[in-house]
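# Give me a model of this one.
(2 chains)
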Amino acid sequence: MGVRVEIADTLQQALRLLAESEPPVRLLAGGTDLLVQWRRDPPDSGTVIVLGHIPELQVIEARPEGIYIGSGATHAALRDSALLKAKVPAIVTAASGVGGRQIQSTGTIGGNIANASPAADLAPPLLIADAQVVLQSVRGERKVPLDTFYRGYREIDLREGEMIVGFLVRPLEPGGVEFFRKLGMRSAHAIAKVSVAMRLVLEGRKVCRARIALGSLAEVPLRAEEAEKWLEGRELSRETIQEIGERVRAVVRPIDDIRSTARYRRWVAGNLVRGFVESLAAGD
Amino acid sequence: MNTESAGEKGLGHGWIRRTWVVNGEEVSLSVPPLRRVLDILREELGLTGTKEGCGEGECGTCTILVDDRPVCSCLLVAAQVPDGSRILTIEGLSAMEEGRILEAAYVEAGAVQCGFCIPGMLMASYALLRRNGKPTDAEIREAIAGNICRCTGYVKIVEAIRLAAERIGRAPAGK
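Numbering: from 1, shown residues only, chains lettered A, B, ... in the order given. The predicted structure is shown next:
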C-alpha cells in the first residue's frame, strides 16, 4: 500500500493524471510547504503527482493580455527576472524575501498561492497587479481574479481536477510605483506578521489609481478596497498622508497569534501604508 | 542502508530508478519516490557530511547544490530530482580548490565553533562565490540568510567568506 507517486513531464500528462488518479490527489511542486506538512502527517493513500519540471509551467513572459507567470516559476526565477523587475517590481521584492536562497530555489509561486495561507508572501503583490489565476483541467481553462479566488481561511476556489497553471498580471502603468514590505521576526526566513503591497499611479501629485493589499491582516490576503477608492483622485497632501493609515486600519481584521497581536498588526499596517505615501509625497 | 520498506507510510508506493551525477560521479539507484535526498545521500551513499538539523527547511545545515542552486536536501524527495541532475555535497566541495580555500578561510577567521552548521554554511558560501566573485557584506549576509548558526553570531563567518572571495579571486585560473 502507500500513496502512489506519479511524475508528470508535460502539462497534458499532469491534467490527465489529475482527472484519472485515485483520490485524494495531491500536487507536489517545490515541496517547501507540503513536505514540511507531510513530515508530521504523511499521505498514506491516493496519489501524489510530482510537477517539478514541466516546461509549460515555468514560463514568464509578456503577452497581449498581460504579464504571464507560470505556476511552476520558482521564487529564484521571479527574483532574477528582468521582465518582472521592470513590470511588477513588488513581486520581485516579495520573492527575494521568501525563506532563504535554498527555499527560493525550489518553492514556486503556484504553491505559495495554492497553500492558501493568509501570510503568503506573493499574494499581496499579485493582488495589487489585479492578478487573474489561470486554472486548467481536462475540461478546459478558467480564469478567476485572485481577490475572489480566496474564499475563506485556507479555502480557495479550486475545483476537482483543476490545477493552477499560471497568473496573468497587469504591468505597471506609466507613472506607476510599487511598494512591498514584510515584517517578521527577522528579515529572512520568517513568516510575515504583517505584509503590505501598494501600487499607485500618479499624475503629478494626484493619485489616479490605487491598489493596496495586505497579508496576515485577515483570514485571507486582503485588498483594502475602501481605502483604495478613498485615495483615488486625491492629492498627496499632508491630510491624505494623515488619513490613509486610518482608512487602512479600518478595513483589516487581524488576530492575536504566536507571531504577533491584532493591535500591533492593525497599527503597523496603517504606518507602512502611510510611510509609503509619505515617501512618494516627499519625492523619494 | 535503508531499512524501511517501499510503500511504508510517507515514502510512496514502489521504487523509482534515478541516475544522478553526485560529486562528479554518475550514480544509479532504486529508491522509494518520496525518500528525501538527505536520507539517500547519508544512508544509501554514505555521504554523511550533509547534516540534518531542523528537517523543515529552516536551518540550512542540509544544504546541497542541485544543478548549481542551493537547496535544502531535507525538503527534496527523489521523485523531484530528474535523471541527469548534478548534485554537489560538502564531500565534493572539499575535494575542489574553492572548497579547500573556503575551509581554510573559515578556520583562519575563527568562523567554526561547534561546527554543525558548517557543511551547509560552506555550500551556501560556495553557491554565492560561484555566481558572484566579489560579494559585498550585504550580499554575503543575504546568501547565508537561509543558514542558521547558533555559536558565532555570523560576523566571523562573513569575514571568512570575504577572505575566501579574495583568495579565490587571486588564485591562478585553470585548476
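
# of all of chain B, which residue lies closest to chain A?
At 1.7 Å from chain A, B:G146 is the closest residue in chain B, using Cβ to the nearest Cβ. Glycine gets a C-beta too; all of them are placed from N, C-alpha and C.

# The residue nearest the centre of chain B: what's it in contact with?
Central residue of chain B (Cα atoms, centre = their mean): B:I64, 2.5 Å from the mean position. For B:I64, the contact set (Cβ atoms under 8 Å, 6 or more residues apart in numbering or on different chains) comprises B:37, B:41, B:50, B:70-71, B:73, B:87-89, B:123.

# how about it, phi and psi?
As for B:I64, its main-chain torsions (degrees, to the nearest 10) stand at phi -130, psi 170.

# Tabulate the contacts of B:I64 (CSV), appending pLDDT, distance to A:H75 and neighbour count.
Formatted as CSV, the contacts of B:I64 follow (pLDDT from 0 to 100; distance: Cβ to Cβ, whole Å; neighbours: other Cβ atoms under 10 Å in any protein chain shown):
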residue, pLDDT, distance to A:H75, neighbour count
B:V37, 98, 19, 28
B:L41, 98, 24, 24
B:T50, 98, 22, 22
B:P70, 98, 12, 29
B:V71, 98, 12, 30
B:S73, 98, 18, 30
B:I87, 98, 21, 24
B:L88, 98, 21, 23
B:T89, 98, 23, 24
B:M123, 98, 18, 30
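
# what's the closest of those to A:G245?
A:G245 lies nearest to B:P70 out of the contacts of B:I64, by Cβ to Cβ, at 39.0 Å.

# For that closest one, pull up the helix or strand it's in.
Following DSSP states H and E, one finds B:P70 within strand B:69-72.

# contact partners of that strand?
Strand B:69-72 is contacted from outside by A:32, A:76, A:101-103, A:105-106, B:57, B:60, B:62-65, B:123-124, B:127, B:146, using Cβ under 8 Å, 6+ apart.

# Now with 6 Å, please.
A:101-102, A:105-106, B:57, B:62-63, B:124, B:127 (Cβ atoms under 6 Å, 6 or more residues apart in numbering or on different chains).

# Show me where chain A dips below the pLDDT cut-off.
A:1, A:284 (pLDDT under 70).

# Taking it, what residue is nearest to chain B?
Closest to chain B within chain A is A:G100: 1.7 Å, counting by Cβ to the nearest Cβ.

# Could you break chain B into its assigned domains?
Using automatic domain parsing, the domain parsing of chain B gives B:16-92, B:96-170.

# how many other residues sit next to B:H13?
Using other Cβ atoms under 10 Å in any protein chain shown, B:H13 has 18 other residues around it.

# In this structure it contacts A:E6, no?
No. If you go by Cβ atoms under 6 Å, B:H13 and A:E6 don't touch, sitting 10.2 Å apart.

# helix or strand right after the strand holding B:P70?
strand B:86-88.

# Distance from the chain centre to that next one, please.
Relative to its chain's centre, strand B:86-88 lies at 9 Å (Cα atoms, centre = their mean, to the nearest Å).

# strands paired with that strand, and their directions?
Pairing partners of strand B:86-88, with direction, according to DSSP bridges: strand B:16-22 (parallel), strand B:63-66 (antiparallel).

# Run the contact check for the next helix or strand along the chain from the longest one versus chain A.
Following the chain from strand B:16-22 toward its C-terminal end, the next helix or strand by DSSP H and E is strand B:25-31. No. Contact between strand B:25-31 and chain A is absent, the nearest approach being 11.1 Å (criterion: Cβ under 6 Å from any Cβ of the partner chain).

# Residues of chain B that sit close to chain A?
Looking at chain A, the residues of chain B close enough under Cβ under 6 Å from any Cβ are B:7, B:9-10, B:12-13, B:33, B:56-57, B:60, B:63, B:69-72, B:75, B:79-80, B:82, B:145-146.

# in its sheet, what does the strand holding B:P70 sit against?
The strands that strand B:69-72 pairs with in its sheet are strand B:63-66 (antiparallel) (by DSSP bridges).

# any idea of the mean pLDDT in the strand it pairs with?
Averaged across strand B:63-66, pLDDT comes to 98.

# Using PDB, write out every CA atom in that strand.
Extracted C-alpha coordinates of strand B:63-66, given in PDB (Å, rounded to 0.1, in the frame of the first residue of the first chain):
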ATOM      1  CA  THR B  63      22.200  22.500   2.000                       C
ATOM      2  CA  ILE B  64      23.500  20.800  -1.200                       C
ATOM      3  CA  LEU B  65      23.700  22.200  -4.700                       C
ATOM      4  CA  VAL B  66      21.500  20.700  -7.400                       C
END
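
# So which bits of stretch A:50-58 are buried?
A:50-54, A:57-58 (16 or more other Cβ atoms under 10 Å in any protein chain shown).

# Name the residues of the longest helix anywhere in chain B that come out as buried.
Longest helix in chain B by number of residues (criterion: DSSP state H): helix B:155-170. The neighbour-count check on helix B:155-170 (16+ other Cβ under 10 Å) flags B:156-165, B:168 as buried.

# wait, is B:G55 part of a strand?
No. Per DSSP: H, G, I helix; E, B strand; the rest coil, B:G55 lies outside any strand segment and is coil.

# Need the nearest residue in space to it, chain neighbours excluded.
Spatially, and ignoring its direct neighbours in sequence, B:G55 is nearest to B:C74 (4.9 Å; Cβ to Cβ, 6 or more residues apart in numbering or on different chains).

# Retrieve the pLDDT associated with the one you found.
In this model, B:C74 is scored at 97, pLDDT.

# check contacts around it.
Applying Cβ under 6 Å, 6+ apart, the residues contacting B:C74 are B:36, B:38, B:52, B:55, B:62.

# re the thing from before, counting neighbours, what do you get for the residue of chain A closest to chain B?
25.

# Contacts only, for it.
Per Cβ under 6 Å, 6+ apart, neighbours of A:G100: A:188-189, B:145-146.

# Give me the distance between A:V177 and A:R209.
11 Å (Cβ to Cβ, to the nearest Å).

# try A:G275
A:G275 sits 20 Å away from A:R209 when distances are taken as Cβ to Cβ.

# Show residues contacting stretch A:86-95.
By Cβ under 6 Å, 6+ apart, stretch A:86-95 touches A:67, A:75, A:78-79, A:84-85, A:121-122, A:125, A:129, A:169, A:171-172, A:178, A:180, A:197.

# What of stretch B:118-136?
B:49, B:51, B:60-61, B:63, B:65, B:70, B:90, B:93, B:102, B:112, B:143-144, B:147, B:161, B:165, B:169.

# What residues sit buried inside it?
B:118-129, B:135.

# Kindly report the same for stretch A:244-259.
Using 16+ other Cβ under 10 Å as the burial criterion, the residues of stretch A:244-259 that qualify are A:244-245, A:247-249, A:251-252, A:254, A:259.
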